[in-house]
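Q: predicted structure and sequence below. I'll ask about it afterward.
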Amino acid sequence: MPALPPHTKIAIVRSSWHEELTRSMEEGAKRILSEAGVHDVMTLIVPGAFEIPLACQKVIRENRMAGVVALGVIIQGQTHHAGEIARACTDGIMHVMLETGIPIAHGVLFTDSLAHAEARALGISNKGSDVATTLLRMVAFKRA
């Protein structure tokens, strides 16, 4: 894992929708960040995945973050609504990242079922840990 300067500020923006899953991913992300020596971590909680990009933009602009971990869960239902929310969230995250130049690690799950989301958030693999690792690499890349 790349070494980061002391006092590197990281934000976690997570959705409160599917709270048990997003909280588990947040814990996984915080564990990885702590192991990397990042202790200045701010968490913002938003209602759903659609609201994540705005919260990322706000925390970057107001708090001079080195990076953001975005966490949420979208589960496909019987309509196209979930896919549209997933696309809007992804596009929004990308837009904010390119606009601000600050890395945002995309950890918003889009799954076909609750069981698939649980496997990626509560199982052996924790998406929060995975995206925190990605964020650390991107923050180091940007600083290099």
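A: Received, thanks. Residues are numbered from 1 along each chain as shown.
Q: where along this protein do the strands fall?
A: 9-15, 40-46, 67-75, 104-111 (DSSP state E).
Q: any idea which of these is most buried?
A: strand 67-75 (a mean of 27; mean count of other CB atoms under 10 Å). C-beta coordinates here come from the backbone N, C-alpha and C atoms, glycine included.
Q: does anything pack onto that one? Which helices or strands?
A: Packing partners of strand 67-75 (3 or more CB pairs under 8 Å, 6 or more residues apart in numbering; DSSP states H and E): strand 9-15, helix 19-35, helix 52-63, helix 81-100, strand 104-111, helix 114-121, helix 127-143.
Q: the last one: which residues count as buried?
A: Spelled out, that is helix 127-143. The neighbour-count check on helix 127-143 (16 or more other CB atoms under 10 Å) flags 127-136, 138-140 as buried.
Q: now tabulate those in JSON lines and tack on pLDDT and distance to residue 74.
A: Formatted as JSON lines, those follow (pLDDT from 0 to 100; distance: CB to CB, whole Å):
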{"residue": "127", "pLDDT": "95", "distance to residue 74": "12"}
{"residue": "128", "pLDDT": "95", "distance to residue 74": "15"}
{"residue": "129", "pLDDT": "95", "distance to residue 74": "19"}
{"residue": "130", "pLDDT": "95", "distance to residue 74": "17"}
{"residue": "131", "pLDDT": "97", "distance to residue 74": "15"}
{"residue": "132", "pLDDT": "96", "distance to residue 74": "20"}
{"residue": "133", "pLDDT": "95", "distance to residue 74": "22"}
{"residue": "134", "pLDDT": "96", "distance to residue 74": "19"}
{"residue": "135", "pLDDT": "97", "distance to residue 74": "20"}
{"residue": "136", "pLDDT": "95", "distance to residue 74": "25"}
{"residue": "138", "pLDDT": "95", "distance to residue 74": "23"}
{"residue": "139", "pLDDT": "95", "distance to residue 74": "26"}
{"residue": "140", "pLDDT": "92", "distance to residue 74": "29"}
